[in-house]
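Provided below for reference: sequence and predicted model.
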Amino acid sequence: MAEETQVLVKFVTKLPVHLKVPEAPVAVPASLKRYGLSQIINHLLALDPPRPFDFLANGELIRKSLEQHLLSLNLSAESTLEVEYVPAVIPPQQKSSVPHDDWVSSVDASRAASSLSASHSGNRNAIGNGPIVSASYDGLVRLWNGELQCTATVSAHQGGVNCVRFLPQSQGDLLLTSGKDRAVKMWRVEGGRRGGSGPSCQLLATYRGHQDGVEQVAASPSGRRFVSCGWDGRLLVWETGRSVAAAAAEIAGADGTDGSKKKRRVGSANGASGANGHGPDSVAGGSGALTVTEASSELVGHLHCVSAVSWPAEESLYSGGWDHSVRRWDVASGIAADTYNGSKAVLCLASHGSAPHLVAFGCSDRALRLWDTRGKTGSETLSVTAHGSHGNWVSAVAWCPRSEHHLATASYDGTVKLWDVRTQVPLGILSGHKDKVLCVSWLGEAGGASTAAGQGLVSGGSDCQLRMYEGEGEVASNGS
């Protein structure tokens, strides 16, 4: 009987000291795959209960045997293979779901936290500390606590709400919404913390510059500006944040007497809140204390609907549209520094603040694509990696705020998929929706361990359901 081939492997990791094994090379069977390698690490660390790990060689996740992986890298089996082990991301399980009166078009869960994240951080009250916000085509914005109990309803836009996005925490509890009524609105979300009163929304400003429905908004990392895009093909940059909120308060305090004198601001002092018949926790949209009618700048280049935007670095942002292009813009000059020209409409895109050179986008050809803008532009073979991902259009993509390697996609095929960009195979498939999935968001903001392990998701779709998925425990964030 032939002796089994052995491979020398040197295990390395960026995990804490208590999860590190000796780096001396060890001989292991060449037939081992991820599960067998994980057994070795658990044995060397004497972990009880055992924990799952993933493994990377030359920056790629190992999804085949070591022998096959060496062959794909054109390396000899006699070479010492350096293998990095990282926490395995276990797909979250559905925790709860709640119905809406119409399709759920957008969701932002960045201010919320899963119960597991709360327990690992040592803050048992973290769940519900910030609301989950959902948007629907019935024109309402709804606020939810960490148990998906509706705590407030806001009549936000006529004809449907397309997008909801919180500004960064540095700007306070400010929320942007956009709708089919051609407007973007900024709200202050007050209350709703555990132990306090229920949340409410006060309309601070309305931005008007688009000639058709506003599809998406994205805030700059500082939160002092945002970009909006829509069916009119326009890409507009606006001032926002605390300074605009202060101007709105000033105008409201002056009863609107000097509102028309403010540069780029024409408004009234109409009340921003009050009952509107949608329930005891409802807030009427109103006209707001401030109306902004002149954008700071316009980025010109798209030929059709601009369907998606993302702003990962203060000096540059991304946009994608139905003209089949993704563009990286130099915000200061207003020039498209790089352009990727594809063959299908771009429906969604996302980028990560820790890796602003990388943008993920979904198209009507059912593929998820990753564009590294550090490479040569305009050529898919050199710059863009395609993942054959879904059975229908890719409608939404969201980067994990705590990991530049992990993202989630949503699709008209009714599924949400989890990805590690270092492999072509999805980490998991969430199939709770009964129809098109239109939006997806990770629970919580950046911070903590650099892994998606343990982080939950929220998604919404044309089945009129908002669904929450709870992640499994983390490997890297504690010593237990």
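Yep, that arrived. Numbers count the residues shown, from 1 in each chain.

which helices and strands sit right next to the strand or helix carrying residue 11?
According to DSSP states H and E, residue 11 maps onto strand 6-12. Packed against strand 6-12, as judged by 3 or more CB pairs under 8 Å, 6 or more residues apart in numbering; DSSP states H and E, are the following elements: strand 26-29, helix 34-45, helix 66-72, strand 80-87. Where C-beta positions appear, they are placed from N, C-alpha and C, glycine not excepted.

Buried residues of it, list them for me.
Across strand 6-12, burial judged by 16 or more other CB atoms under 10 Å covers 7, 9, 11.

Quick check: mean pLDDT of it?
Strand 6-12 shows a mean pLDDT of 94.

and it with helix 34-45, angle?
With axes from the mean of the first three to the mean of the last three CA atoms, to 10 degrees defining the directions, strand 6-12 sits at 60 degrees from helix 34-45.

List the residues that contact residue 187.
154, 156, 174-177, 201-204 (CB atoms under 8 Å, 6 or more residues apart in numbering).

Let's see that with 7 Å instead.
By CB atoms under 7 Å, 6 or more residues apart in numbering, the contact list for residue 187 reads 175, 177, 201-204.

Out of those, which two sit at the greatest distance?
177 and 202 (12.9 Å; CB to CB).

In terms of neighbours, single out the busier of these two.
Comparing residue 177 with residue 202 by neighbour count (other CB atoms under 10 Å), the higher total belongs to residue 177, at 27 against 21.

thought the more buried one was touching residue 160?
No. Residue 177 is beyond contact range of residue 160, at 10.9 Å (criterion: CB atoms under 7 Å).

Which helix or which strand is home to residue 157?
Counting by DSSP H and E, residue 157 is found in no helix or strand.

again with residue 250
helix 242-253.

So what's the model's average confidence on that helix?
Per-residue scores along helix 242-253 average to 88.

can you give me how far it is from the chain middle?
29 Å (CA atoms, centre = their mean, to the nearest Å).

For it, list the C-alpha coordinates in PDB.
This file holds the C-alpha atoms of helix 242-253, laid out as PDB (Å, rounded to 0.1, in the frame of the first residue of the first chain):
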ATOM      1  CA  ARG A 242     -24.500  68.800  12.800                       C
ATOM      2  CA  SER A 243     -23.900  72.100  11.000                       C
ATOM      3  CA  VAL A 244     -27.100  71.700   8.900                       C
ATOM      4  CA  ALA A 245     -29.000  70.500  12.000                       C
ATOM      5  CA  ALA A 246     -27.900  73.600  13.900                       C
ATOM      6  CA  ALA A 247     -29.000  75.800  11.000                       C
ATOM      7  CA  ALA A 248     -32.400  74.100  11.000                       C
ATOM      8  CA  ALA A 249     -32.700  74.700  14.700                       C
ATOM      9  CA  GLU A 250     -31.700  78.400  14.300                       C
ATOM     10  CA  ILE A 251     -34.300  78.900  11.600                       C
ATOM     11  CA  ALA A 252     -37.000  77.100  13.600                       C
ATOM     12  CA  GLY A 253     -36.100  79.300  16.600                       C
END
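
Could you check which helix or strand contains the closest residue to residue 306 other than its chain neighbours?
With sequence-adjacent residues excluded and distances taken as CB to CB, 6 or more residues apart in numbering, residue 306 is closest to residue 229, at 3.6 Å. If you go by DSSP H and E, residue 229 is part of strand 225-230.

Beta-bridge partners for residue 352, please?
Bridge pairing for residue 352 (DSSP bridges) gives the partners residue 355.

So residue 70 is in contact with residue 83, correct?
No. Contact criterion CB under 7 Å: residue 70 and residue 83 do not qualify, at 11.1 Å.

mind listing what residue 67 touches?
5, 30-31, 77.

Mind putting those into JSON lines with distance to residue 217?
Formatted as JSON lines, the contacts of residue 67 follow (distance: CB to CB, whole Å):
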{"residue": "5", "distance to residue 217": "55"}
{"residue": "30", "distance to residue 217": "51"}
{"residue": "31", "distance to residue 217": "51"}
{"residue": "77", "distance to residue 217": "53"}
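
ok, and the most crowded of the residues you listed?
So for the contacts of residue 67 (other CB under 10 Å), the most neighbours sit at residue 30, 18 neighbours.

That residue contacts residue 64, doesn't it?
No. Checked against CB under 7 Å, the pair residue 30 and residue 64 is beyond contact range at 11.0 Å.

any low-confidence regions in the stretch 301-450 of the chain?
376-383, 446-450 (pLDDT under 70).

Apply 50 and report the result again.
Low-confidence segments of the stretch 301-450 of the chain (pLDDT under 50): 378-382, 448-449.

where along it do the helices fall?
For the stretch 301-450 of the chain, the helices defined by DSSP state H, counting those that start in this stretch cover 380-383.

what's the neighbour count on residue 59?
7.

what residues are up against it?
Residue 59 touches residue 422, counting by CB under 7 Å, 6+ apart.

ok, so what distance separates it from residue 372?
Separation of residue 59 from residue 372 (CB to CB, to the nearest Å) stands at 12 Å.

before we move on, what about residue 47?
Going from residue 47 to residue 372 by CB to CB gives 35 Å.

next one: residue 470
From residue 470 to residue 372 the distance is 32 Å (CB to CB).

which of these two has more neighbours?
residue 470 (18 against 15).

Report how many residues lie close to the residue lying closest to that one once chain neighbours are set aside.
Setting aside the residues directly before and after it, residue 470 is nearest to residue 95 in space (CB to CB, 6+ apart), at 4.2 Å. Residue 95: 18 surrounding residues under other CB under 10 Å.

right, and residue 95 touches residue 466 too?
No. Counting by CB under 7 Å, residue 95 does not reach residue 466; the two are 11.6 Å apart.

which of the contacts of residue 67 lies closest to residue 440?
Among these, and counting by CB to CB, the member closest to residue 440 is residue 31, at 37.1 Å.

looking at this, that closest one is in a helix?
No. Assessed by DSSP: H, G, I helix; E, B strand; the rest coil, residue 31 does not belong to a helix; its assignment is coil.

Spatially central residue for the protein, please.
With distances taken as CA atoms, centre = their mean, the residue of the chain nearest its centroid is residue 398 (3.1 Å).
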